[in-house]
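Engineer: could you look at this predicted model? Sequence included:
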Amino acid sequence: MSESSTQPSASANEPVGEPVAARMPSAEGAEFKGELPSAYDIPLAKILPTSPRLFSENKWQEAFTRLRAEDPVHFNETESAGRFWSVTRYEDIKRVDTDWKNFSSANGITLGFPVDAELPPGALSLSTFIAMDPPVHDAQRKTVAGSVAPTNLAKMEGLIRERTCNVLDSLPEAETFDWVETVSVELTTMMLATLFDFPFEDRRKLTRWSDITFAVPQPGGIIETVDQRRDELLECLQYFQRLKQERIENPGSDLVSMLAHGKDTKDQPAMEFLGNLLLLIVGGNDTTRNTMSGSVYSLNKFPQQYDKLIANPSLIPNMVAEVIRWQTPLAYMRRTATRDIELGGQQMKKGDQVLMWYASGNRDDTVFDNPNELDIERPNARQHLSFGFGLHRCMGNRLAELQLRILWEEILARFERIEVQAEPERTFSSFVNGYTHLPVKVRRKA
């Protein structure tokens, strides 16, 4: 690989990770020592929704409740990110998400640097089709969309069920273990390996690359420096370039083959190829695995709902939709204003970053009754925002629902309960709303 293909560029579509959180103490919530204060004990203008501590300590709900009520299109400005707005109400989020002409994806999907700003040393210049607008977005998405078409999902259902049964049958009884690592990570990583036709013995590399893509660098964290992320992601690129060359010569029906032979993707530059790979890896891993963990946690948090599910397994499909709403595995997506525009009574400027807080919209009480409660019979559960709207709606949403449905069908078939033993440890990120550890015990049926 030539050196020029790995150098940062000021014209990047998507600087990987959460650079604001990595570089700015305020974005990490480090200005508060000890306990985070209540969102009602600080000035409204000082609320910074992008603080990873709000999510890693599971204290984000109060901040967004206040913002929805008092400042639903909320402004922040930091040295490294520049100007950005947090859109927190359901209808405003839908408006932004479905208007790609005024709110473009072309400058990235996570909070980054001001448009035209120079990237810092160590940041890769990546491009992904989710960070593009039509017509380029549509052509590249179409290249890989067939992998999760209904006919392919029907073919995969038996394999998903077989693997799910094998994992659940191997769980220890009357012994505490980590649900995240043992079940959620294992099932989603096996699925990813199948979609990519990735060497099965190396499948945990996919987990690692997914984890580091949006990790906030910190001492003792998933990654400690931006340089470490860059080096590991370049290893990912090298690995997949080798697979791509193999699939050029011997194509299959996997995602790598689709990218290698698609007329709109086969000649992609290295950083665009890597960007699309990481999009597919994270999209197929982080979201489903954190909802798998969230389903166990939420049903324990609301045990009457667990009782309903045990008594009536036909509620599983609606329960899946409700957990996806309640969990919201990706907390937000970013757009960039393409012109000066008004939203929710606020005047945005061309180039401003606009964060659509799906996690907040999914707790909007003008749309969902008692939104902080899990209600597996909720009649409008499927109206959640977690998959997005418009042309960027999650491509793998049906696959995610299929995996979760099968998981719970097999759980109810063999376990009396899955019992959470302690509060989970959560991801240090304001983008990935997830779990790193969830201690549980299982009670098998007689």
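Structural biologist: It's in. Numbers count the residues shown, from 1 in each chain.
Engineer: can you pull out the strands in the stretch 151-300 of the chain?
Structural biologist: Along the stretch 151-300 of the chain, the stretches classed as strands by DSSP state E, counting those that start in this stretch are 177-178.
Engineer: and the stretch 301-446 of the chain, by the same measure?
Structural biologist: Using DSSP E, counting those that start in this stretch, strands in the stretch 301-446 of the chain cover 333-337, 341-343, 346-348, 353-356, 415-420, 425-426, 435-437, 439-444.
Engineer: looking at those strands, which is closest to Thr207?
Structural biologist: With C-beta to C-beta as the criterion, Thr207 lies closest to strand 435-437 of the strands of the stretch 301-446 of the chain, at 12.0 Å. (Glycine included, C-beta is placed from N, CA and C.)
Engineer: any buried residues in the closest one, and which?
Structural biologist: Using 16 or more other C-beta atoms under 10 Å as the test for burial, strand 435-437 gives Tyr435, Thr436.
Engineer: roughly how far apart are Ser360 and Ala311?
Structural biologist: 32 Å (C-beta to C-beta, to the nearest Å).
Engineer: out of the strands of the stretch 301-446 of the chain, deepest packed?
Structural biologist: Per-residue neighbour counts averaged over each of the strands of the stretch 301-446 of the chain give the maximum for strand 353-356, namely a mean of 26 (mean count of other C-beta atoms under 10 Å).
Engineer: give the bridge partners for the residue nearest the centre of the chain, please.
Structural biologist: Centroid-nearest residue in the chain, with C-alpha atoms, centre = their mean: Leu330, separated by 3.6 Å. Listed beta-bridge partners, Leu330: Val432 (assigned using DSSP bridges).
Engineer: test my guess that Val440 contacts Ala422.
Structural biologist: No - Val440 lies out of contact with Ala422 (C-beta atoms under 8 Å); the separation is 9.3 Å.
Engineer: any stretches of the stretch 301-446 of the chain with poor pLDDT?
Structural biologist: 391-396 (pLDDT under 70).
Engineer: starting at the chain centroid, how far to stretch 245-257?
Structural biologist: The chain centre lies 27 Å from the centre of stretch 245-257; the measure is C-alpha atoms, centre = their mean, to the nearest Å.
Engineer: and that stretch, C-alpha only, in PDB?
Structural biologist: Provided in PDB are the C-alpha atoms of stretch 245-257 (Å, rounded to 0.1, in the frame of the first residue of the first chain):
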ATOM      1  CA  GLN A 245      -8.400 -10.000  -4.800                       C
ATOM      2  CA  GLU A 246      -9.400 -13.600  -4.100                       C
ATOM      3  CA  ARG A 247     -13.100 -12.700  -4.800                       C
ATOM      4  CA  ILE A 248     -12.200 -11.000  -8.000                       C
ATOM      5  CA  GLU A 249     -10.800 -14.300  -9.200                       C
ATOM      6  CA  ASN A 250     -13.400 -16.500  -7.500                       C
ATOM      7  CA  PRO A 251     -16.600 -14.500  -6.900                       C
ATOM      8  CA  GLY A 252     -19.300 -15.600  -4.500                       C
ATOM      9  CA  SER A 253     -22.500 -14.100  -3.200                       C
ATOM     10  CA  ASP A 254     -20.900 -12.400  -0.200                       C
ATOM     11  CA  LEU A 255     -20.500  -8.700   0.500                       C
ATOM     12  CA  VAL A 256     -16.800  -8.600  -0.500                       C
ATOM     13  CA  SER A 257     -17.600 -10.200  -3.900                       C
END
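Engineer: the residue lying farthest from the centre of the chain and Thr164: what is the separation?
Structural biologist: Seen from the C-alpha centroid of the chain, the residue lying at the greatest distance (C-alpha atoms, centre = their mean) is Ala446, 37.5 Å away. Here the criterion is C-beta to C-beta. By it, Ala446 lies 21 Å from Thr164.
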